[in-house]
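A.B. asks: Generate coordinates for the sequence data below:
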Amino acid sequence: MAEPDMLFDVTDGVAYLTVNRPDQRNAMTWAMYERLVEICDRVDRDPDIKVLVLAGRGDRAFISGTDISQFPAFRGNPQAGIDYEERIDHVIGRLEAVTKPTIAALRGFVIGGGLTVSVACDLRIAADNAKFGIPVIRLGNCLSMKNYARLVALLGPARVKEMIYTARHVGAAEALTWGLVNEVAPAAALDDRVREVARGISQAPPLTLRVSKEAVRRVVHRLLPDDAGHELVKTCYDSADFQEGVAAFLEKRAPQWTGR
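C.D. replies: Okay, here's the model as predicted:
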């Protein structure tokens, strides 16, 4: 029997959620995003779980974003991009609102949707081989307004624009200087270090953790725009350029942009 795409285990009060598609660099499908929400609900319901750790299986990636093979279905549906970004907002918002502390253990590529998942966690501990990026210019799409706001709250507008405009991969050491990650560990020692941090947090007073997490979340949410920016999302997702970007990615060729 094939293993599930999302593995879940609880040890000593620490829940471990592992994205289990290493052959696809742990790219997320719609069903996997839905499973993530279900696990967040389970973590909040279980009083024996004190901390949630998210990781990706293998050394190649934490999460390399949404599975691009799902995007051709957007063709001819101007509402599809808006629905997609609202769906992602729901998932990221649910992870962000988990009442227990959350830690992202980051190896390899932390890209696109994988980056936004990591930003929704409370702490990010990276292996020294981690690489971070927002490659929307390679597909011709964009992020939701809320995810732009979350990134700006963490990194500031100039760093976010740099990541988007260049689509370059930011290495772990540079990410640490930016404040994108809390700590960098040797790749071979990452799991041990994450367990150590998680177990330490699990011994802290739960009410202090919960209140402090919620207080910080409320401060950050003051930066989230009331305007959903649907017209901005539609501009990209309903464009010929987006369809060209997806096709070029799947066909492994350079895209030909037209600005339409």
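A.B. asks: what about the residue most central in space within the chain, distance to Val91?
C.D. replies: Among the residues of the chain, the smallest C-alpha distance to the mean C-alpha position (Cα atoms, centre = their mean) belongs to Val117, namely 2.0 Å. Look at Val117 and Val91: by Cβ to Cβ, to the nearest Å, they are 8 Å apart. In this view, the C-beta of every residue, glycine as well, is placed from N, C-alpha and C.
A.B. asks: who touches both of those two?
C.D. replies: Applying Cβ atoms under 8 Å, 6 or more residues apart in numbering, one finds that Val117 and Val91 are jointly contacted by Leu36.
A.B. asks: neighbours around Val246, how many?
C.D. replies: Around Val246 sit 22 other residues, with neighbours defined as other Cβ atoms under 10 Å.
A.B. asks: Need the three-state assignment for it.
C.D. replies: Local secondary structure at Val246 is given as helix here, using DSSP: H, G, I helix; E, B strand; the rest coil.
A.B. asks: Looks like it contacts Ile68 (just checking).
C.D. replies: Yes. In this structure, Val246 sits in contact with Ile68. The criterion is Cβ atoms under 8 Å, and the distance is 6.3 Å.
A.B. asks: Give me the common contacts of these two.
C.D. replies: Between them, Val246 and Ile68 share the neighbouring residues Leu139, with contact defined by Cβ under 8 Å, 6+ apart.
A.B. asks: which stretches of the stretch 51-200 of the chain form strands?
C.D. replies: Under the criterion DSSP state E, counting those that start in this stretch, the stretch 51-200 of the chain contains strands at 51-56, 61-63, 102-106, 109-111, 123-127, 131-133, 170-171, 183-185.
A.B. asks: Any chance of a markdown table for those, columns mean neighbour count?
C.D. replies: Below are the strands of the stretch 51-200 of the chain laid out as a markdown table (neighbours: other Cβ atoms under 10 Å):
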| stretch | mean neighbour count |
| --- | --- |
| strand 51-56 | 26 |
| strand 61-63 | 28 |
| strand 102-106 | 27 |
| strand 109-111 | 27 |
| strand 123-127 | 24 |
| strand 131-133 | 22 |
| strand 170-171 | 19 |
| strand 183-185 | 19 |
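A.B. asks: Same list, those, but as TSV with distance to Lys234 please.
C.D. replies: As requested, the strands of the stretch 51-200 of the chain are exported to TSV (distance: least, Cβ to Cβ, whole Å):
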stretch	distance to Lys234
strand 51-56	31
strand 61-63	26
strand 102-106	30
strand 109-111	24
strand 123-127	31
strand 131-133	24
strand 170-171	29
strand 183-185	39
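A.B. asks: In CSV, list those along with distance to Val197 and mean pLDDT.
C.D. replies: Written out in CSV, the entries for the strands of the stretch 51-200 of the chain read as follows (distance: least, Cβ to Cβ, whole Å; pLDDT from 0 to 100):
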stretch, distance to Val197, mean pLDDT
strand 51-56, 9, 98
strand 61-63, 16, 96
strand 102-106, 6, 98
strand 109-111, 18, 95
strand 123-127, 7, 98
strand 131-133, 20, 97
strand 170-171, 21, 98
strand 183-185, 8, 98
